[in-house]
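Visitor: Here is a sequence with its predicted model. Questions after.
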Amino acid sequence: MTEIILARHGETEWNVSEVFRGRADIPLNQTGIKQAELLAQFLDGRKIEAVYSSPLKRALKTAEIIAARHKLDVQTAPGLIDFDFGEWNGLSLQDVKGRYRGVFAVWAERPQEARIPGGETLDGVAERVMSVVTEVVKKHQAPVVLVSHRVVNKVLILALLGLDNSRFWSVKVDTAGITIFDYDKGRFVLTKHNDTSYLEPLRKAPLRDF
């Protein structure tokens, strides 16, 4: 059996300001670094065998903090990179609502049909991220951490549960939150979702689903 720990990276200033991050390589802020440290402490009790990460530095830094406590090197996985928001990358939520009303309405109401100019689709994300997971479960039997991004983790959770991307807004993944699946004999079983209990020392309310 393989335990798959899906972690979202820690907080960035663009999370706080509600700016679409996508492929922009935004670093963690100080809160995000502390979140990653608390997450790493929480995972101390598990015998982590490998840590995989998106190549973007907000995820990579989170992964490095986790991996260091287990004396592991982070393995970058391009398939875990953030959703490509195309023309929305670097724009605020309010800017996008004003400039792309029609497309944003589809994104908000029927995300599985959204075609963001210059960006990718949720189905495309599902295909690439499932390829990563397929390879991971072939290689590992002990717990493995995958550090990625909000959209990617939401899509992956739905895929592992056998749900399609029309349910995208039914799942929330907070910064530095973890979701855990057990994989055994071809079946993925959800055992924990969006746990952030270890972040309590920060006494900070979760951000909106953005």
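Guide: The structure has been received and is ready for your questions. Residues are numbered from 1 along each chain as shown.
Visitor: Going by C-alpha atoms from here, please, whenever you check contacts or count neighbours.
Guide: Fine.
Visitor: Roughly how far does Phe210 sit from Ala67?
Guide: Distance of Phe210 to Ala67, computed by Cα to Cα, to the nearest Å: 26 Å.
Visitor: and the spatially most central residue of the chain, backbone torsions?
Guide: Centrality entry for the chain: nearest residue to the mean C-alpha point is His149, 2.7 Å, by Cα atoms, centre = their mean. Backbone dihedrals for His149, given as degrees, to the nearest 10, come out at phi -130, psi 170.
Visitor: Ala142 versus that one, what's the distance?
Guide: His149 is 23 Å from Ala142, by Cα to Cα.
Visitor: re the thing from before, you'd agree the residue nearest to the centre of the chain is up against Ala63?
Guide: No - between His149 and Ala63 there is no contact, the gap being 11.8 Å when judged by Cα atoms under 8 Å.
Visitor: what sits in contact with each of the two?
Guide: His9 (Cα atoms under 8 Å, 6 or more residues apart in numbering).
Visitor: Excluding chain neighbours, what is closest to Tyr183?
Guide: Thr2 (5.1 Å; Cα to Cα, 6 or more residues apart in numbering).
Visitor: give the contact list for that neighbour.
Guide: Val137, His140, Gln141, Ala142, Pro143, Val144, Asp182, Tyr183, Asp184.
Visitor: More neighbours: which of Phe210 and Ala67?
Guide: The neighbour comparison of Phe210 against Ala67 (other Cα atoms under 10 Å) goes to Ala67, with 22 against 18.
Visitor: my guess is that one meets Ser53, correct?
Guide: No - in this structure, Ala67 is not within contact of Ser53 by Cα under 8 Å, at 10.4 Å.
Visitor: Need the residues touching each of those two.
Guide: What both Ala67 and Ser53 touch, as defined by Cα under 8 Å, 6+ apart, is the set Val74.
Visitor: list the helices and strands the longest helix seen in the chain packs on?
Guide: Identified as the longest helix of the chain according to DSSP state H is helix 122-139. Using 3 or more Cα pairs under 8 Å, 6 or more residues apart in numbering; DSSP states H and E as the contact test, the elements touching helix 122-139 are helix 150-160.
Visitor: list the contacts for Ala67?
Guide: Ala40, Ala50, Val51, Asp73, Val74.
Visitor: To clarify, my last question referred to Val129.
Guide: With Cα under 8 Å, 6+ apart, Val129 has these contacts: Gly79, Leu80, Val152, Leu156.
Visitor: Which residue, neighbours along the chain excluded, lies closest to the second one?
Guide: Spatial nearest neighbour of Leu80, excluding adjacent residues (Cα to Cα, 6+ apart): Ser54 at 4.5 Å.
Visitor: what's the single longest strand in this protein?
Guide: In the chain, assigned by DSSP state E, the strand with the most residues is strand 187-195.
Visitor: partners of that strand, with directions?
Guide: strand 178-184 (antiparallel) (DSSP bridges).
Visitor: and the strand it pairs with, average pLDDT?
Guide: Mean pLDDT, computed over strand 178-184, is 97.
Visitor: mind exporting stretch 114-127 as CSV, just the C-alpha atoms?
Guide: C-alpha atoms of stretch 114-127 as CSV (Å, rounded to 0.1, in the frame of the first residue of the first chain):
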residue,chain,number,x,y,z
ALA,A,114,-13.8,27.0,-19.4
ARG,A,115,-11.4,28.0,-22.2
ILE,A,116,-9.2,30.7,-20.8
PRO,A,117,-7.4,32.6,-23.6
GLY,A,118,-3.9,31.3,-23.8
GLY,A,119,-4.4,28.8,-21.0
GLU,A,120,-5.1,25.2,-20.5
THR,A,121,-8.2,23.2,-19.5
LEU,A,122,-9.0,21.3,-16.3
ASP,A,123,-9.1,18.1,-18.4
GLY,A,124,-5.6,18.8,-19.5
VAL,A,125,-4.5,19.2,-15.9
ALA,A,126,-6.1,15.9,-15.0
GLU,A,127,-4.3,14.0,-17.7
